[in-house]
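# can't give you the sequence, but here's the structure:
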């Protein structure tokens with residue numbers, strides 16, 4: 001597989017408004033040096049607590065947020081250098097599916113209008129008649145009836161609305177879908193239907209997914225690789241089976257121990273992390289997880305560990321492995 005997206009040193013800082021007597025602007029370190037290759041045809045699951053930077057990563061990739069530093073390359077081309085038609089083509093190639101299907105749909109527009117609009121703006125269809133035909137095909141592709149195009153969002157269930165959101169993301173024939181908690185607002189039975197739909201579309205259309213979620217059972221079901229984020233950094237990245245069979249980072253162990261049924265390894269005692277995730281305005285020195293880590297060493301407080309490949313395709317940011325343990 002080749003890399004569709006190559007991300008190097010990606011940072012996103014949000015400046016906070018200064019108070020009257022404050023000398024300098026303070027920043028939220030939402031992303032702090034992300035390196036990532038998203039391979040063609042894979043599903044990469046991204047997990048971590050709230051505040052880890054998962055959603056910011058997705059929004060920065062699609063340019064809803066401008067990066068503070070680093071580079072994003074799509075098919076070898078620097079996204080920040082794209083202009084005009086090239087920039088528009090890139091935006092069409094990477095689409096998002098959001099958590100709240102109702103909030104992401106305009107209640108004043110019929111479903112048909114909402115789906116046809118991006119195709120007309122990006123000139124994917126020759127006119128409104130062709131757009132209507134394309135809308136019917138899109139609805140059928142996501143398991144809805146073409147005649148539903150004349151209805152408005154309030155007339156649909158949560159699962160149906162999410163299918164409409166997926167159809168809208170597919171309208172521009174993207175190569176990559178970034179799914180930001182795309183099933184977390186749905187009932188469990190509906191979640192499984194939508195996850196099956198994602199897998200079907202992946203096979204039928206050759207899609208690549210960045211699947212952001214807090215639910216490890218979802219990650220295990222849909223992902224080829226899994227990436228764990230903590231306080232704006234990647235702390236572990238591995239193929240799915242290796243990730244669940246041999247979790248390396250202490251933070252990953254704690255996450256999986258809280259959901260023991262998703263693990264393929266022997267069941268472990270529940271690991272209770274002490275304290276909350278630190279403030280992203282002033283991250284801890286050294287390893288960012290050291291304030292909560294049950295395996296903390298002196299080096300963890302002083303030296304920031306690097307993301308290292310410990311086994312084939314299995315990367316971890318932890319001094320336990322840098323020290324050869």
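Perfect, I can see it now. Owing to the predicted nature of the structure, the values given are computational and were not obtained by experimental measurement.
# Return the set of buried residues in the top helix by length along the chain.
As assigned by DSSP state H, the longest helix anywhere in the chain is helix 188-205. For helix 188-205, a neighbour-count test (16 or more other C-beta atoms under 10 Å) marks 190-191, 194-195, 197-198, 201-202 as buried. The way it works is simple: take the backbone N, C-alpha and C, and place the C-beta from them, glycine included.
# Please apply the same query to stretch 235-255.
Per 16+ other C-beta under 10 Å, stretch 235-255 contains these buried residues: 235-240, 242-244, 247-255.
# Just the ones of those in strands?
Applying DSSP state E to the buried residues of stretch 235-255, the entries found in strands are 235-239.
# which one among those residues gets closest to residue 314?
residue 238 (4.2 Å; C-beta to C-beta).
# quick one: contacts for that closest one?
225-226, 248, 311, 313-315 (C-beta atoms under 8 Å, 6 or more residues apart in numbering).
# Residue 281 too?
Counting by C-beta under 8 Å, 6+ apart, residue 281 has contacts 16, 26-29.
# try 10 Å
Residue 281 sits next to 13-14, 16, 26-29 when contact means C-beta atoms under 10 Å, 6 or more residues apart in numbering.
# among these, which two are most distant?
That would be 16 and 29, which, of the contacts of residue 281, are the farthest apart (C-beta to C-beta) at 11.4 Å.
# neighbour count winner among those two?
Neighbour count, other C-beta atoms under 10 Å: between residue 16 and residue 29, residue 29 has more, with 21 against 12.
# What's opposite that one in the beta bridge?
residue 13 (DSSP bridges).
# I'd say it and residue 69 touch.
No. Applying C-beta atoms under 10 Å, one finds residue 29 not in contact with residue 69, separated by 11.3 Å.
# before we move on, back to that, partners of the following helix or strand past the longest helix of the chain in the sheet?
Note on helix 188-205: by DSSP states H and E, the next helix or strand toward the C-terminus is strand 208-212. Paired neighbours of strand 208-212 in the sheet (DSSP bridges): strand 43-47 (parallel), strand 176-180 (parallel).
# closest to residue 105 out of the ones you listed?
Of all those, strand 176-180 comes closest under C-beta to C-beta, at 15.3 Å.
# tell me the angle that closest one makes with helix 188-205.
Angle, strand 176-180 to helix 188-205, by axes from the mean of the first three to the mean of the last three C-alpha atoms, to 10 degrees: 170 degrees.
# Quick check, central residue of this structure?
residue 212 (3.3 Å; C-alpha atoms, centre = their mean).
# Could you give the bridge partners of it?
residue 46, residue 180.
# thought residue 149 was touching residue 155?
No. With contact defined as C-beta under 10 Å, residue 149 does not count as touching residue 155 (11.6 Å).
# These two: which has the busier surroundings?
residue 149 (21 against 12).
# Can you classify that one as helix, strand or coil?
helix (DSSP: H, G, I helix; E, B strand; the rest coil).
# separation between it and residue 98?
21 Å (C-beta to C-beta, to the nearest Å).
# can you give me the strands for the chain?
3-15, 27-39, 43-47, 69-74, 77-78, 94-97, 176-180, 208-212, 225-230, 233-239, 307-311, 314-317.
# Good, we can wrap up now.
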